[in-house]
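Q: Quick one, what's the 3D model for this:
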Amino acid sequence: MWLHRRQTLFALSALVAGAACGFTPAYGPEGGASVLRDNLRVSAPERRDGFLIAQRLEDRFGRNDGGRYVLTVTPTIQRQGLATSVEGTTNRFQLTGRADFALRDKETDAVVRQGRVTDFAGFSATGSTVATLAAERDAAARLMVILADQIVDRLVISAGGLPA
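A: Below is the predicted model of the structure:
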């Protein structure tokens, strides 16, 4: 019983301390995400990786072609072999992805946030050719979701000073 009261007291003091320091939840009404939510259009290359990253960004921010901001994203993927068998065939690959992004305010035509995110995803090539191609496509899709989520995190964290 004493331990439960102590945990409750600690949780309440942490909540009060968070409120006193001006903490605002990112997805709350006054948080950084609210400025961008349903207020931007994503522009990405017209290829599969561009479509996938734009789709994830629109899932997270919403889509508004008439919004105040344009988010331009340029993803790139490099493939490299990681593991080879005794026969010399590569049976494990890694896709390394990079996405450069820029958030532009359409009213001022100024780039207000920009950056680059990187990550990787792996896949196995031990099955048939069709299975290997499917695994590579799946890894590329996972990689675009990872990169898009990193972009969202960076923009939400730094969106506090953006005009609505």
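
Q: contacts and neighbour counts: CA atoms only from here.
A: OK.

Q: Could you identify the longest helix within this protein?
A: helix 129-158 (DSSP state H).

Q: Packing partners of that one?
A: helix 32-36, helix 48-61, strand 90-105, strand 110-124 (3 or more C-alpha pairs under 8 Å, 6 or more residues apart in numbering; DSSP states H and E).

Q: tell me the most buried of the ones you listed?
A: helix 32-36 (a mean of 22; mean count of other C-alpha atoms under 10 Å).

Q: For the helix or strand following that one, C-alpha coordinates in PDB please.
A: Using DSSP states H and E, the helix or strand that follows helix 32-36 in sequence is strand 40-43. The C-alpha trace of strand 40-43 is given here as PDB (Å, rounded to 0.1, in the frame of the first residue of the first chain):
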ATOM      1  CA  LEU A  40       0.400  20.800 -46.100                       C
ATOM      2  CA  ARG A  41       0.900  19.100 -49.500                       C
ATOM      3  CA  VAL A  42       3.600  16.500 -49.900                       C
ATOM      4  CA  SER A  43       5.700  16.700 -53.100                       C
END
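
Q: Strand 40-43 - what's its average pLDDT?
A: Averaging pLDDT along strand 40-43 gives 96.

Q: Closest to the centroid, which residue in this structure?
A: Asp149 (1.7 Å; C-alpha atoms, centre = their mean).

Q: Low-confidence ranges, the protein, go.
A: 1-33 (pLDDT under 70).

Q: which residues does the nearest residue to Glu107 once chain neighbours are set aside contact?
A: Leaving aside its sequence neighbours, Glu107 sits nearest to Arg68 (C-alpha to C-alpha, 6 or more residues apart in numbering; 6.8 Å). By C-alpha atoms under 8 Å, 6 or more residues apart in numbering, the contact set of Arg68 is Asn39, Leu40, Asp105, Lys106, Glu107, Ala164.

Q: now that we have those, which one has the most neighbours?
A: Leu40 (24 neighbours; other C-alpha atoms under 10 Å).

Q: Provide a list of residues in contact with it.
A: Phe61, Gly62, Arg63, Asn64, Asp65, Gly66, Gly67, Arg68, Tyr69, Val70, Leu71.

Q: how many other residues sit next to the fourth one?
A: Meaning Asn64. So Asn64, with other C-alpha under 10 Å, has 17 neighbours.

Q: Looking at the contacts of Leu40, which two lie furthest apart in space?
A: Greatest spatial distance in the contacts of Leu40: Phe61 and Gly66, 13.9 Å, computed using C-alpha to C-alpha.

Q: shared neighbours, the two?
A: In contact with both Phe61 and Gly66: Asn39, Leu40, using C-alpha under 8 Å, 6+ apart.
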